[in-house]
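> only geometry, no sequence info:
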């Protein structure tokens, strides 16, 4: 049975796609969403996610997650949920793979520093930057800037956290050219990708924090969902080695969160009984979501991770250094655009202007952790060649 035949009435269907900003002939072998996914995977921004921080800076260890491995894990979870809900798996996967393309180097530290630097110029939002990457910054095609993705994929990126009440300048600018109906919710496929992001984030940060020694099994016993998963894993084997106990626990956490998401979202869809994706967009609330107990459990897990991992002194040191690197680079390049490489300098124009700030922001947001560290040295250390 083809996926199209198995789709629920509320799924996005290729024959109803609103198309691309720049019309192109349809592929004979791929659906529009498969084509979007392939363009995302082959993009420069996607490759660079391999060297962008999730929580730990890339050089701290080969086993810790990066933005790339995080995106792959989100895509796996999102496809599984989409399949159970009768949604289009390929559109869901494309959104999951693209959702972090706009993240700057050094994880949330880099994002916070860039947000502070851009505050006088409209701010910085990584979701908006992801949209900017796929609509403007990628330069791969002769006929257009960006990747020319379908309307449905762009809608999902713009509404990753729901309808933007105050769209960033980047989102508002693109919406003026290609209306994304920003006042409505996204289709269910995009809502699945957004919550798969939460599931992957919590589960792999628990895994990485446990591996790094920020907390031990005894610290997790009181957490909802996690404590139950840990107890089940221990019952599976009384003499399980620590590494296997960790893996057995985390996979049970993922399973519990995914199962709850599928079950609760199925209830919401049954109550709404939508005839198509537009009914979901106009529902006035998300239709994909966790049950109240599991949503509360996620909140408690997030609070635990903030206290025990994201604000750990080792992470704080990295965060402080990363913020300084990003702030220094922005200040130097915005104040003297002549320090930019030729192609970027031509776009930036006069130093100290909103235009140059936007260009410098794009330049920094596209950096990997390693490139940002090296660029900082080139700009500040006389012993390092420019």
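Yes, it's here. What you see is a predicted model; the values in this text were computed from it and never measured.
> what's the burial count for residue 174?
23 (other Cβ atoms under 10 Å). In this view, the C-beta of every residue, glycine as well, is placed from N, C-alpha and C.
> average pLDDT across the longest helix along the chain?
In the chain, with assignment by DSSP state H, the single longest helix is helix 242-272. Regarding helix 242-272, the rounded mean pLDDT is 97.
> do the same with stretch 358-367
97.
> which outside residues touch it?
If you take Cβ atoms under 8 Å, 6 or more residues apart in numbering as the criterion, stretch 358-367 is touched by 45, 48, 102-105, 110, 114, 117-118, 121, 124, 126, 129, 132-133, 137, 326, 329-330, 333-334, 337, 340, 344, 347-349, 372, 375.
> how about residue 30, what does it touch?
Neighbours of residue 30 in contact, by Cβ under 8 Å, 6+ apart: residue 38.
> so what's the backbone phi/psi at it?
phi -130, psi 150 (degrees, to the nearest 10).
> next one: it from residue 256, what distance?
According to Cβ to Cβ, to the nearest Å, residue 30 stands 34 Å off from residue 256.
> for the chain, give me the ranges with low pLDDT.
By pLDDT under 70, the low-scoring segments of the chain are 1-5, 55-64.
> now with 80, please.
For the chain, residues meeting the criterion pLDDT under 80 lie at 1-5, 54-64, 386.
> what packs against the strand or helix carrying residue 71?
Applying DSSP states H and E as the criterion places residue 71 in helix 67-84. Judged by 3 or more Cβ pairs under 8 Å, 6 or more residues apart in numbering; DSSP states H and E, helix 67-84 is in contact with helix 89-98, helix 188-212, helix 242-272.
> can you put the ones you listed in JSON lines and add distance to residue 221 and mean neighbour count?
Formatted as JSON lines, the helices and strands packed on helix 67-84 follow (distance: least, Cβ to Cβ, whole Å; neighbours: other Cβ atoms under 10 Å):
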{"stretch": "helix 89-98", "distance to residue 221": "31", "mean neighbour count": "29"}
{"stretch": "helix 188-212", "distance to residue 221": "13", "mean neighbour count": "24"}
{"stretch": "helix 242-272", "distance to residue 221": "11", "mean neighbour count": "17"}
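> quick one, which of those helices gets closest to residue 180.
Residue 180 sits nearest to helix 188-212 of all these, at 11.2 Å, using Cβ to Cβ.
> what residues of the very next helix or strand once past the closest one count as buried?
Note on helix 188-212: by DSSP H and E, the next helix or strand toward the C-terminus is helix 217-220. Within helix 217-220, the residues scored as buried using 16 or more other Cβ atoms under 10 Å are 217, 220.
> after helix 217-220, next one along is what?
Next element after helix 217-220 (DSSP H and E): helix 226-236.
> tally of neighbours for residue 162?
Residue neighbour count, defined by other Cβ under 10 Å, stands at 14 for residue 162.
> hang on, it packs against residue 182?
No - with contact defined as Cβ atoms under 8 Å, residue 162 does not count as touching residue 182 (10.3 Å).
> give me the common contacts of those two.
Contacts common to residue 162 and residue 182, judged by Cβ under 8 Å, 6+ apart, are absent.
> domains of the chain?
31-177, 188-309, 315-380 (automatic domain parsing).
> what's the most buried one of these?
domain 31-177 (a mean of 21; mean count of other Cβ atoms under 10 Å).
> before we move on, back to that, and the domains of the chain as TSV, adding distance to residue 18?
Formatted as TSV, the domains of the chain follow (distance: least, Cβ to Cβ, whole Å):
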stretch	distance to residue 18
domain 31-177	4
domain 188-309	11
domain 315-380	27
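> closest to residue 19 out of those domains?
Counting by Cβ to Cβ, residue 19 lies closest to domain 31-177 out of those; the figure is 6.2 Å.
> in helices, which of the contacts of stretch 358-367 fall?
Using DSSP H, these in helices are 45, 48, 110, 114, 117-118, 126, 129, 132, 326, 329-330, 333-334, 344, 347-348, 372, 375.
> nearest to residue 8, out of the helices and strands packed on helix 67-84?
Closest approach to residue 8 among these (Cβ to Cβ): helix 242-272, 7.6 Å.
> what sits against residue 201?
Shown in contact with residue 201 (Cβ under 8 Å, 6+ apart): residue 70.
> any idea how far it is from residue 65?
On the measure of Cβ to Cβ, residue 201 and residue 65 end up 9 Å apart.
> name the element the nearest residue to residue 386 once chain neighbours are set aside belongs to?
Leaving aside its sequence neighbours, residue 386 sits nearest to residue 378 (Cβ to Cβ, 6 or more residues apart in numbering; 5.1 Å). According to DSSP H and E, residue 378 maps onto helix 369-380.
> re earlier: next structured bit after the longest helix of the chain?
helix 277-281.
> ok now that next one, how far from the chain's centre?
23 Å (Cα atoms, centre = their mean, to the nearest Å).
> so which elements touch that helix?
Packed against helix 277-281 by the contact rule (3+ Cβ pairs under 8 Å, 6+ apart) you find helix 188-212.
> repeat that for 7 Å
Here helix 277-281 touches no other helix or strand, going by 3 or more Cβ pairs under 7 Å, 6 or more residues apart in numbering; DSSP states H and E.
> following that helix, which helix or strand shows up next?
Toward the C-terminus from helix 277-281 - assigned by DSSP H and E - lies helix 292-305.
> how big is the angle separating that next one from helix 188-212?
With axes from the mean of the first three to the mean of the last three Cα atoms, to 10 degrees applied, the angle from helix 292-305 to helix 188-212 works out at 40 degrees.
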